[in-house]
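# The sequence and its predicted three-dimensional model are supplied below.
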Amino acid sequence: MTRRAIVIGAGFGGLALAIRLQSAGVETTVVEARDRPGGRAYHWRRDGFIFDAGPTVITDPPCLQELWALSGQDMAADVDLVPVTPFYRLNWPDGTRFDYSNDEAELRAEIAKLNPADVAGYDRFLAYSKGVYEQGYVKLGAVAFLDFASMVRAAPALMKYRAWRSVYAVVSAYVEDERLAQALSFHTLLVGGNPMTTSAIYALIHTIEKQGGVWFARGGTNALVGGMVRLFERLGGTLRLGDPVARIATAGDRATGVVTVGGWRGAADMVACNGDLMHSYRDLLADHPRGAKVARRLSRKRWSPSLFVVHFGVEGEYPDIAHHSILFGPRYKGLLDDIYGGRVPDDFSLYLHHPSITDPAMAPPGHSCFYALAPVAHLGKTQPEWDGEFGVRFADAILEEVERRAAPGLRDRLVTRFHYTPADFGRDLSAHLGSAFSLEPLLWQSAYFRAHNRDDAIANLYFVGAGTHPGAGIPGVVGSAKATAALMLD
């Protein structure tokens with residue numbers, strides 16, 4: 001008899017898992033609360049502009065192409081991936097500019113401009129990054145850690161690469177220039193981690209980018225989501241939109257299906273959650289003792305910060321602004337201390353996304369599309385009036401900084417703008433504390449110590465996405481789908 005599965009949430013992790021299950025002959029239904037699929041990769045169309053909510057950095061295309069290859073199909077038929085170069089253009093307040101790419105000669109020339117002595121140090125860091133990439137991503141990135149023995153087996157590699165150190169500490173051991181140390185360590189912020197505390201294993205991100213490149217889906221990240229949905233539905237899968245799951249139905253220690261707010265009841269042999277971990281246990285499993293027990297445990301965990309994102313469309317074009325820019329502020333460690341400690345600072349570092357430089361169709365003719373993102377503390381540490389005047393002033397300050405640092409005359413050219421706050425993450429995504437990346441990626445919250453891909457007590461309840469191993473980011477959640485699918489299909 002055909003097995004049936006229900007996946008809660010149509011984010012990247014949920015869709016990747018659903019594609020794997022459907023490709024293997026499991027009758028799969030994805031139930032999504034919002035009116036569109038994507039989860040954190042939602043999008044808006046306003047005044048002729050296409051605004052991706054994020055994520056916007058696509059790396060390791062083979063992990064995505066594999067989803068199509070499961071059924072003998074070609075990803076290129078559904079998604080047009082365009083290479084982005086430089087990967088990032090980094091800018092500091094003193095006017096220093098650093099183009100970060102995988103062109104070896106150009107990258108070394110950029111490093112030499114900062115400090116010639118650091119070229120050799122960078123080579124040593126690259127060797128380290130390749131080592132942790134092989135151990136942490138290739139070997140373990142799509143393998144579930146269900147028991148402590150699995151962690152013990154991984155311990156020698158963790159010891160070899162001194163995973164208890166932070167990414168910033170490792171980078172600083174190889175290079176002298178502080179700006180280069182920032183350039184090689186900021187990536188952990190893209191998965192919710194503080195470079196000063198996130199395990200050195202996450203230095204593997206550098207090798208992921210170098211080997212696979214950085215890409216953009218023509219039409220926006222939402223076009224990649226759309227391609228995954230088309231593949232899933234061609235395989236016979238079902239996608240239900242706009243009807244949140246109210247509870248996971250159980251019988252003893254088995255999940256039997258879901259009940260939605262709209263009253264739909266879906267029966268299943270297996271249930272997988274791609275939603276927020278706390279919401280899944282505390283709310284969706286409120287009728288089962290397991291829900292309250294795990295929710296209490298999760299409340300003691302450290303959660304990643306949130307984000308404040310200003311989306312804006314402007315008249316005119318900005319050919320000198322790269323697709324991805326990092327505008328570092330005057331502080332690095334001090335700013336990180338504020339973000340992770342719970343203070344909303346007066347200064348900030350920004351990630352500036354400029355998709356229309358790669359795909360002009362993201363904006364009307366003669367216009368440009370942007371968003372500027374600032375990491376901020378989650379709602380458990382500080383709760384300013386994000387929905388009110390404070391949020392407006394914060395957005396204004398970000399636009400003023402972008403104008404001063406990168407786009408002269410920007411505010412006079414604004415056609416449309418809106419912002420997305422930690423409060424929105426909580427409302428739209430049921431994100432605990434408004435966290436943008438689920439659990440903080442600390443060593444003691446990784447692998448076995450992260451939420452397991454299969455619940456320990458409810459044997460047919462599974463988890464996929466940022467809260468499970470290996471963590472946030474597109475390669476991370478797609479890897480979690482591979483690990484979870486292996487358990488569900490076993």
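Thanks, I have the structure now. Residues are numbered from 1 along each chain as shown.
# who's in contact with the lowest-mean-pLDDT helix or strand in the chain?
One helix or strand of the chain scores below all others by mean pLDDT, DSSP states H and E: helix 148-160, with a mean of 79. For helix 148-160, the external contacting residues (C-beta atoms under 8 Å, 6 or more residues apart in numbering) are 131, 135-136, 139-140, 143-145, 164, 201, 443, 447-449. For the C-beta atoms, the positions are set from N, CA and C on the backbone; glycine is no exception.
# Check which helices and strands the following helix or strand past that helix is in contact with.
Downstream of helix 148-160, the first helix or strand assigned by DSSP states H and E is helix 167-174. Helices and strands touching helix 167-174, by 3 or more C-beta pairs under 8 Å, 6 or more residues apart in numbering; DSSP states H and E, are helix 118-132, helix 178-183.
# who wins for proximity to H206 among these?
helix 118-132 (4.5 Å; C-beta to C-beta).
# List of residues touching the closest one?
107-108, 111-112, 160-161, 163, 170-171, 174-177, 180, 184, 200-201, 203-204, 206-207, 210.
# Please convert the buried members of these into ChimeraX selection syntax.
The ChimeraX selection below is limited to those of these classed as buried (16 or more other C-beta atoms under 10 Å):
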select :107,111,161,163,170,171,174,175,177,180,184,200,201,203,204,206,207,210
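# sorry, back to before: any idea which of the helices and strands packed on helix 167-174 is most buried?
Greatest average neighbour count among the helices and strands packed on helix 167-174 goes to helix 178-183 (a mean of 20), per mean count of other C-beta atoms under 10 Å.
# For P289, which of the helices and strands packed on helix 167-174 is the nearest?
helix 118-132 (39.1 Å).
# could you dump the closest one to PDB, C-alpha only?
Output of helix 118-132 as PDB, limited to C-alpha atoms (Å, rounded to 0.1, in the frame of the first residue of the first chain):
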ATOM      1  CA  ASP A 118      48.100  37.900   4.900                       C
ATOM      2  CA  VAL A 119      48.200  36.100   1.500                       C
ATOM      3  CA  ALA A 120      50.100  33.200   3.000                       C
ATOM      4  CA  GLY A 121      47.900  33.300   6.000                       C
ATOM      5  CA  TYR A 122      44.800  33.100   3.800                       C
ATOM      6  CA  ASP A 123      46.200  30.000   2.100                       C
ATOM      7  CA  ARG A 124      46.500  28.300   5.600                       C
ATOM      8  CA  PHE A 125      43.000  29.400   6.400                       C
ATOM      9  CA  LEU A 126      41.700  28.000   3.100                       C
ATOM     10  CA  ALA A 127      43.300  24.600   3.900                       C
ATOM     11  CA  TYR A 128      41.600  24.600   7.300                       C
ATOM     12  CA  SER A 129      38.200  25.500   5.700                       C
ATOM     13  CA  LYS A 130      38.500  22.700   3.100                       C
ATOM     14  CA  GLY A 131      39.200  20.300   6.000                       C
ATOM     15  CA  VAL A 132      36.200  21.200   8.000                       C
END
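# how big is the angle separating it from helix 148-160?
Interaxial angle of helix 118-132 relative to helix 148-160 (axes from the mean of the first three to the mean of the last three C-alpha atoms, to 10 degrees): 160 degrees.
# Quick check: buried residues in the least confident helix or strand of the chain?
Using 16+ other C-beta under 10 Å as the test for burial, helix 148-160 gives 154, 157-158.
# Also stretch 25-39?
Going by neighbour count (16+ other C-beta under 10 Å), the buried part of stretch 25-39 is 26-34, 36-39.
# Report the mean confidence score over that stretch.
Throughout stretch 25-39, pLDDT has a mean value of 97.
# so how far does that stretch reach from one end to the other?
25 Å (C-alpha to C-alpha, to the nearest Å).
# Give me the distance from that stretch to the chain's centre.
From the chain centre to the centre of stretch 25-39 is a distance of 19 Å (C-alpha atoms, centre = their mean, to the nearest Å).
# so V175 sits right up against L184, yeah?
Yes. With contact defined as C-beta atoms under 8 Å, V175 counts as touching L184 (6.9 Å).
# Can you report phi and psi for K381?
Per-residue torsions, K381: phi -110, psi -30 (degrees, to the nearest 10).
# tell me the contacts of it?
K381 makes contact with 341-342, according to C-beta under 8 Å, 6+ apart.
# same check, this time on the one 5 residues further on
Counting by C-beta under 8 Å, 6+ apart, W386 makes contact with 308, 394, 421-423.
# Not counting stretch 417-427 itself, show me its contacts.
Stretch 417-427 has contacts (C-beta under 8 Å, 6+ apart) with 44, 46, 53, 306-313, 376-379, 386-387, 391-392, 394-395, 399, 431-436.
# So which of these are in helices?
Counted as lying in helices by DSSP state H, out of the contacts of stretch 417-427, are 391-392, 394-395, 399.
# In JSON lines: the residues you listed, plus neighbour count, distance to H323 and pLDDT.
Shown next, in JSON lines, are the ones in helices among the contacts of stretch 417-427 (neighbours: other C-beta atoms under 10 Å; distance: C-beta to C-beta, whole Å; pLDDT from 0 to 100):
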{"residue": "G391", "neighbour count": "20", "distance to H323": "27", "pLDDT": "96"}
{"residue": "V392", "neighbour count": "13", "distance to H323": "28", "pLDDT": "97"}
{"residue": "F394", "neighbour count": "21", "distance to H323": "24", "pLDDT": "97"}
{"residue": "A395", "neighbour count": "22", "distance to H323": "22", "pLDDT": "97"}
{"residue": "L399", "neighbour count": "20", "distance to H323": "19", "pLDDT": "97"}
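# Which one of these is nearest to S101?
Closest to S101, out of all of the ones in helices among the contacts of stretch 417-427 and judged by C-beta to C-beta, is L399, at 27.8 Å.
# Spatially nearest residue to the closest one, not counting backbone neighbours?
Nearest non-adjacent residue to L399, counting by C-beta to C-beta, 6 or more residues apart in numbering: R411, 5.8 Å away.
# same deal with F87?
V214 (4.3 Å).
# Domain-wise, how is the chain divided?
4-82+217-301+440-489, 102-214, 306-429 (automatic domain parsing).
# what about L442, distance to A183?
Separation of L442 from A183 (C-beta to C-beta, to the nearest Å): 23 Å.
# swap in F12?
27 Å.
# count of neighbours near T188?
Neighbour count of T188, defined by other C-beta atoms under 10 Å: 22.
# which residues touch V376?
305-308, 339, 344, 422.
# Oops, could you answer that again for W215 instead?
Applying C-beta under 8 Å, 6+ apart, the residues near W215 are 58-59, 61, 81-84.
# Any of those residues buried? List them.
Among those, the ones that count as buried by 16+ other C-beta under 10 Å are 58-59, 61, 81, 84.
# ok, so of those, who is nearest S299?
T59 (32.3 Å).
# can you pull up the bridge partners for the closest one?
With DSSP bridges as the criterion, T59 is bridged to V214.
# surely it meets I474?
Yes. In this structure, T59 is within contact of I474 by C-beta under 8 Å, at 6.8 Å.
# export the ones in helices among the contacts of stretch 417-427 to a markdown table and tack on distance to R405?
What follows is the ones in helices among the contacts of stretch 417-427, written out as a markdown table (distance: C-beta to C-beta, whole Å):
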| residue | distance to R405 |
| --- | --- |
| G391 | 21 |
| V392 | 21 |
| F394 | 17 |
| A395 | 16 |
| L399 | 11 |
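# any idea how far the spatially closest residue to T198 that is not a sequence neighbour is from N222?
Closest residue in space to T198, ignoring its immediate chain neighbours: T188 at 4.3 Å, by C-beta to C-beta, 6+ apart. Remark: distance between T188 and N222 (C-beta to C-beta) = 25 Å.
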